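Q: Here is the input, now give the coordinates:
(one chain, ligands or ions: 2)
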Amino acid sequence: MKHIRVTRTFTRGIAEAEAFVYEKEELTAAKYQINGEAEISENIELFEKAVEAVSKDLSVLAEDSAIFAGHLSIANDIALKEMVIGKIKDEKQNVELAVENTIEELSAMMAGIDDAYMQERAVDIKDVGARFMAALQGKDFAGLDHIQKEVIIIADDLTPSDTSSMNFDYVKGFITERGGVTSHVSIIARSLGLPALVGAGTILDNVETGDQILFDAGSGDIYINPDQQTRDNLLAKSKADAELKAQIEAKMDLPATTEDGKTLKVYANVGSAEEIKQAMKYKIDGVGLFRTEFLFMDNTDFPSEDEQFNAYKDAVEALRGELIIRTLDIGGDKALPYFEFDVEENPFLGWRAVRMCLEKADIFKTQLKALLRAAVYGPIKIMIPMIISVNEVNQVRELVEECKTELAAADIEYADDVPVGIMIETPAAVMMADALAEVVDFFSIGTNDLTQYVLAVDRGNERIEHLYNSYNPAVLRAINQVIKAANNAGIEVGMCGEFASDANITEVLLGFGMDEYSMAASETPLIKEKIRNLNYAKAQELADKVLACSTTEEVYQLLGIEK
Ligand code: PEP
Ligand code: MG
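A: Ligands and ions are numbered 1, 2, ... in the order given. Have a look, this model is predicted:
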């Protein structure tokens, strides 16, 4: 038996089956030049036919997948088409070569951007390129559809097209060498509820097709050809987990009301209207964080007011519940392909989010107007990220008023009463929470950033990963201070950082007085069930004890967490 452990895990569940090591056949272009007008037209026509065929396949897949909707827009992207046709016409490249070179250039451009999300988009472009190449060569798009027995897929990486062709009656899980939290394999695995490990370094060197694989996606443990004892232990755990999950999901419809009658909101975090549609199957009460940066990142230019209006309107109509939309949170680790940010020494402390929006008021106002207009169609709330002062809130409010005046003057319909709230992600916002609570309609605590700023620990730096911990009493006291300020001012306070989905802290947050928890939709049934088994009065006692702790270890001990 071999044992490998992956440290960063993004899904849960235990899977066992034979390994299927997936090596992709790469289709390459025929390399020759073409001559004369007739050949040029013929090659352009072949390209157009390929776009048509690929779009047809992708349209079907796009019906219930945001990822493939993205692929469909790449396949029809005007810039991509112009590049291919330019290479055929001006450089006399045959259609296959023109497509191959265009895909190479576009994906290299994306991969060169210093941002994990953008680098993942390079994978999308290559995936669409592989579809074009298969269509041009008259081949079936190679996938994993021929698998006819239970397997665990082991691969270097998996593209959305790879996963789309999998038959999930047979594929019990996957392990890839590459990928991180924002990679598609993680997103797809989470939305399917399938055990998966990504970023599993050397797995391909250790596994061959036919090996027996047993892995625990939650703990990151992979056993290759496991012994009987290991199998018995893990499979017993798996059975118990599956039974519990089924029991919990059967109660998804029930509200998150504590034993002593306090009802809390359990919301989802999403990045698109499409994701809301998928989240609805978990019977979510609303959306606590709609990250609008994806709408900006997946674009070739800043999205227009109408484009944004349509996206937000679609989102609120799909949800039929409260929708908290966060304004553009760009900069720091998040780049835009069409906007050059100056290189900064400390981008996380730099020109980002609301700082950029207040300076680039035209970009910000376009978004605010789209939000005010979309709010006519449902209960939208506007949320501003990275606030550090009352001044910033006042400036935002002034711009909101300006937007309303301009919309009214243009005779465009908008909602007048849209609540404006802020994310609490900075120590400054914590210290000023009482004053901020007087000027905003709600708070949402962003623990992903708050933890890094309170502790001065970069959230993406693996070297100091052990110091990045929201259970640190400094972070817990900050969270409590914010919640108390909101409670005193009578405004709602939620949490949309990852910490909200940690069932070990749910009771403490309830005890602090938090009103709303927002997290990946698939986690909501578990947190709701957890809340239903809690008692608010008891939670307050526990919260007081937690606030008296002076070390993280004491907090763990108090909460019975083994680390
Ligand atoms: C946060 O900082 O907790 C948060 C939700 O925002 P993001 O992870 O997008 O920075
Ligand atoms: Mg943040």
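
Q: Could you report the neighbour count for residue 239?
A: Neighbour count of residue 239, defined by other Cβ atoms under 10 Å: 11. C-beta here means a position set from N, CA and C on the backbone, and glycine is covered the same way.

Q: oh, I was asking about residue 438
A: Neighbours of residue 438 (other Cβ under 10 Å): 12.

Q: got a list of what it touches?
A: Counting by Cβ atoms under 8 Å, 6 or more residues apart in numbering, residue 438 makes contact with residue 489.

Q: Give me the distance between residue 500 and ligand 1.
A: 9 Å (Cβ to the nearest ligand atom, to the nearest Å).

Q: Kindly report the same for residue 495.
A: Distance of residue 495 to ligand 1, computed by Cβ to the nearest ligand atom: 8 Å.

Q: For the closest residue in space to that residue that isn't next to it in sequence, give me its contacts.
A: If the residues on either side of it in the chain are set aside, residue 495 comes closest to residue 445, at 4.4 Å by Cβ to Cβ, 6 or more residues apart in numbering. By Cβ under 8 Å, 6+ apart, the contact set of residue 445 is 423-425, 479, 482-483, 493-497.

Q: any idea which of those residues has the most stuff around it?
A: Neighbour counts for these peak at residue 424, which has 34 neighbours (criterion: other Cβ under 10 Å).

Q: Now it. Its backbone dihedrals?
A: When read as degrees, to the nearest 10, the backbone of residue 424 gives phi -100, psi 100.

Q: Equivalent analysis for the one 3 residues further on, please.
A: Note on residue 427: its backbone torsions stand at phi -60, psi -30 [degrees, to the nearest 10].

Q: mind listing which of the contacts of residue 445 are in strands?
A: Those of these mapping onto strands are 423-424, 493-495, per DSSP state E.

Q: Per-residue pLDDT of the residue nearest to residue 441 when sequence neighbours are not counted, please?
A: Spatial nearest neighbour of residue 441, excluding adjacent residues (Cβ to Cβ, 6+ apart): residue 419 at 3.7 Å. Looking at residue 419, its pLDDT is 98.

Q: So which bits of the chain are right by ligand 2?
A: 425, 446, 449 (Cβ under 5 Å from the ion).

Q: In CSV, list these along with pLDDT and distance to residue 69.
A: Below are these laid out as CSV (pLDDT from 0 to 100; distance: Cβ to Cβ, whole Å):
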residue, pLDDT, distance to residue 69
425, 97, 30
446, 96, 27
449, 92, 29
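
Q: Quick check, residue 348 in contact with residue 456.
A: No: judged on Cβ atoms under 8 Å, residue 348 makes no contact with residue 456 at a distance of 10.4 Å.

Q: of these two, who's got more company?
A: residue 348 (15 against 9).

Q: Looks to me like that one is in a strand.
A: No: assessed with DSSP: H, G, I helix; E, B strand; the rest coil, residue 348 is helix; it does not lie in a strand.

Q: how many other residues sit next to the nearest residue to it once chain neighbours are set aside?
A: Distances taken as Cβ to Cβ, 6+ apart place residue 332 nearest to residue 348, at 5.0 Å, with adjacent residues excluded. Here the count is done by other Cβ under 10 Å, and residue 332 has 22 residues near it.

Q: quick one: residue 332 from residue 170, how far?
A: Remark: distance between residue 332 and residue 170 (Cβ to Cβ, to the nearest Å) = 41 Å.

Q: got it, and residue 38?
A: Distance, residue 38 to residue 170, by Cβ to Cβ: 48 Å.

Q: Compare those two and say which is more crowded by neighbours.
A: residue 170 (16 against 9).

Q: Tell me which residue of this structure lies closest to ligand 2.
A: Using Cβ to the ion, residue 449 is the residue of the chain that sits closest to ligand 2, at 3.7 Å.

Q: and residue 517, that's in a strand?
A: Yes: when three-state DSSP is applied, residue 517 is found to be in a strand.

Q: Show me what it bridges to in the sheet.
A: residue 266, residue 495 (DSSP bridges).
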